[in-house]
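*Asks:* Give the three-dimensional model of this entry:
(one chain, ligands or ions: 1)
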Amino acid sequence: MKTIKPEIITENVKRLCIEAANNINCEIVNALKKAMNNEVGLSKEILSQIIENDLLADKENIPMCQDTGIMVVFVEIGNEVFIDGDIYEAINKGISLGYTEGYLRKSVVKSPLNRINTKDNTPGIIHIKHTMGDKLKITVCPKGAGSENMSKVKMLTPADGINGIKKFILDSIKEAGGRPCPPLIVGVGIGGDLEKCALLAKESLLRDIDDESADPDCLKLERELFDEINKLNVGPMGLGGKTTALAVKVNIYPCHIASLPVAINIQCHASRHKVVEL
Ligand code: SF4
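*Replies:* Below you'll find the predicted structure:
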């Protein structure tokens with residue numbers, strides 16, 4: 001059995017919060033560069049400025065965007081790991097220190113009704129999953145409101161089928177336009193129930209940008225949606241172009257015979273997330 005002290009969790013979450021805000025993932029820069037080479041005129045210029053912004057933020061160690069998000073944290077705890085304390089408290093302490101010491105914008109209000117800022121960006125939204133082994137894996141994923149607000153869930157019927165799913169996704173992207181700061185990573189969750197499909201969509205955003213689904217039906221849908229989304233001419237920052245999505249990820253789960261829940265979770269071009277394994 002491996003024992004992990006809460007202070008270790010706090011220290012790592014604090015570091016990851018700052019890194020996620022300031023240091024762009026290489027795979028995103030590479031995807032943006034590839035997209036830029038495929039564009040001309042204004043859309044090429046916009047992608048060039050996004051890349052310049054991201055690389056400058058990384059070099060100066062300052063946030064790549066003013067909206068440093070609400071912190072979503074995914075935790076996987078192996079059955080041979082003992083946490084010597086309250087893991088929720090340890091994570092939230094890490095978020096608080098990360099946002100305070102990292103001078104990141106605090107974007108969380110205590111109540112959606114009274115709108116009073118908590119002043120340290122806590123609490124985070126924490127999802128805990130139990131796995132096998134002696135590892136504790138923590139992934140932080142700050143989510144800006146621009147992209148999160150354009151995300152949706154719809155309870156389709158089985159008769160709506162693949163065409164109904166595609167229509168829902170394409171309509172959502174068209175309606176969102178430039179508001180979620182395209183080019184996007186489009187996360188799609190299909191199956192489960194109301195809350196499960198939303199979680200599937202969010203989890204799909206954590207997959208590597210080049211990762212393709214191992215399920216042949218999902219893979220086909222990912223490729224078709226990617227092509228169809230990029231034909232919408234929404235383009236970088238909604239000003240037209242060939243690149244509306246950098247990637248489309250589809251995660252699925254079994255569901256009721258009479259249900260077809262679908263969720264779209266949109267991620268902006270910043271696509272911030274950082275991982276640690278303890
Ligand atoms: S959608 Fe992303 S890039 Fe746009 S403002 Fe929000 S966090 Fe920043």
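*Asks:* Using the three-state scheme, assign residue 77.
*Replies:* strand (DSSP: H, G, I helix; E, B strand; the rest coil).
*Asks:* got a list of what it touches?
*Replies:* 83, 87, 128, 129, 130, 131, 136 (C-beta atoms under 8 Å, 6 or more residues apart in numbering). Heads up, the C-betas are built off the backbone N, CA and C, glycines and all.
*Asks:* And the pLDDT for the first one?
*Replies:* Same thing as residue 83. pLDDT, residue 83: 97.
*Asks:* do the same with the fifth one
*Replies:* Model confidence at residue 130, given as pLDDT, is 97.
*Asks:* What lies in contact with whichever strand or helix holds it?
*Replies:* Using DSSP states H and E, residue 130 sits within strand 125-131. The contact list for strand 125-131 (C-beta under 8 Å, 6+ apart) reads 70-79, 87-88, 91-92, 137, 199.
*Asks:* Give me the neighbour count for residue 82.
*Replies:* Counted with other C-beta atoms under 10 Å, the neighbours of residue 82 add up to 12.
*Asks:* Just give the closest residue to it, not the sequence neighbours.
*Replies:* The shortest distance from residue 82 to any non-neighbouring residue, by C-beta to C-beta, 6 or more residues apart in numbering, is to residue 3 (4.9 Å).
*Asks:* quick one: pLDDT of that neighbour?
*Replies:* pLDDT at residue 3 comes out at 98.
*Asks:* I'd like the distance between it and residue 83.
*Replies:* According to C-beta to C-beta, to the nearest Å, residue 3 and residue 83 sit 8 Å apart.
*Asks:* Tell me which of these two has more neighbours.
*Replies:* With neighbours defined as other C-beta under 10 Å, residue 3 and residue 83 compare such that residue 83 has more, 17 against 9.
*Asks:* wait, isn't the more buried one in contact with residue 2?
*Replies:* No. The pair residue 83 / residue 2 is not scored as a contact, 9.9 Å apart, by C-beta atoms under 8 Å.
*Asks:* Could you tell me which residues of the stretch 151-278 of the chain lie near the ligand?
*Replies:* 180, 181, 268, 270 (C-beta under 6 Å from any ligand atom).
*Asks:* Let's test this: mean pLDDT of the longest helix seen in the chain, rounded?
*Replies:* Counting residues, the longest helix found in the chain (DSSP state H) is helix 41-60. Average pLDDT, helix 41-60: 98.
*Asks:* in that helix, what counts as buried?
*Replies:* 43, 44, 46, 47, 50, 51, 54, 57, 58 (16 or more other C-beta atoms under 10 Å).
*Asks:* thought the third one was touching residue 243?
*Replies:* So that's residue 46. No. Look at residue 46 against residue 243 with C-beta under 8 Å: they stay out of range, at 9.4 Å.
*Asks:* joint contacts of the two?
*Replies:* Common neighbours of residue 46 and residue 243 (C-beta under 8 Å, 6+ apart) are 235, 236.
*Asks:* How many residues are close by residue 257?
*Replies:* Other residues close to residue 257 by other C-beta under 10 Å number 5.
*Asks:* correct me, but it touches residue 159?
*Replies:* No. Residue 257 is beyond contact range of residue 159, at 12.0 Å (criterion: C-beta under 8 Å).
*Asks:* ok so, going back, report all helices and strands that the longest helix of the chain contacts.
*Replies:* helix 26-36 (3 or more C-beta pairs under 8 Å, 6 or more residues apart in numbering; DSSP states H and E).
*Asks:* The helix it packs on vs the ligand: in contact?
*Replies:* No. On the criterion C-beta under 6 Å from any ligand atom, helix 26-36 is out of touch with the ligand, staying 11.5 Å away.
*Asks:* just stretch 66-75 next, same as before
*Replies:* Yes. Stretch 66-75 comes into contact with the ligand (C-beta under 6 Å from any ligand atom), by way of residue 67.
*Asks:* got the buried residues for that stretch?
*Replies:* 67, 68, 69, 70, 71, 72, 73, 74, 75.
*Asks:* Export it to CSV, keeping only CA atoms.
*Replies:* Provided in CSV are the C-alpha atoms of stretch 66-75 (Å, rounded to 0.1, in the frame of the first residue of the first chain):
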residue,chain,number,x,y,z
GLN,A,66,-7.6,36.3,-19.2
ASP,A,67,-10.3,33.7,-18.4
THR,A,68,-8.3,31.2,-16.4
GLY,A,69,-11.5,29.2,-15.8
ILE,A,70,-13.2,27.1,-13.2
MET,A,71,-11.0,24.2,-12.3
VAL,A,72,-12.2,20.7,-13.3
VAL,A,73,-10.2,18.0,-11.7
PHE,A,74,-10.2,14.3,-12.6
VAL,A,75,-8.7,11.9,-10.1
